[in-house]
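> pasting the sequence and the predicted coordinates here, then a few questions.
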Amino acid sequence: MRNRHVKVAVIQAAPILFDKQSAMDKIASMTKEAAGQGAELIVFPEVFLPGYPRGLSFGARVGSRTADGRKDWERYWTSAIDVPGDETKQIGDLAKELGVHLVIGVVERDQDFSTGTLFNTMIYIGPDGELLGKHRKLVPPAPNGCYGGKATAAR
């Protein structure tokens, strides 16, 4: 058996918080750049889409949440994606166009149970554009509602 070398690109870039379309544009641009340099496997950081809201408390205190915190949470929930969904399809089309494998950290909205829980998820896309799988990081619900919080609390 012959050794096969695979060129891997590890993207280290700042995400674009609360702006899903700009984040998708950045993913496309950086993926095209890496593929243009011969990368066959392109890996993006954890929660790159839509970004990790470091420092935001979402206005949560034990037993309450501020009005501004509810607005921040709603913006975060709205910026999250469904897996599978429109964004995974767009990312799949990009992978297929360039013939690359993509691994991207996303914030995923739960579609099956609560419809309000968010997960820190890695998605795996093949060069045929298909969603190969996903891995949800096990994160206990945070008191600030970042993961495991209910979007309904934001409304």
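That came in fine, so what should we check first? No experiment lies behind these values; they were computed from the predicted model shown.
> who does the closest residue to Val47 other than its chain neighbours bridge with?
Taking C-beta to C-beta, 6 or more residues apart in numbering, and ignoring the residues beside it in sequence, Val47 has Gly105 as its nearest neighbour in space, at 4.8 Å. Where C-beta positions appear, they are placed from N, C-alpha and C, glycine not excepted. Applying DSSP bridges to Gly105 yields these beta-bridge partners: Met122.
> list the buried residues for stretch 115-125?
Of the residues in stretch 115-125, Gly116, Thr117, Leu118, Phe119, Asn120, Thr121, Met122, Ile123, Tyr124, Ile125 count as buried by neighbour count, 16 or more other C-beta atoms under 10 Å.
> same check on stretch 97-106?
With burial defined by 16+ other C-beta under 10 Å, the residues of stretch 97-106 counted as buried are Leu98, Val100, His101, Leu102, Val103, Ile104, Gly105, Val106.
> now swap in stretch 35-44 and tell me
Residues of stretch 35-44 classed as buried by neighbour count (16+ other C-beta under 10 Å): Ala35, Ala39, Glu40, Ile42, Val43, Phe44.
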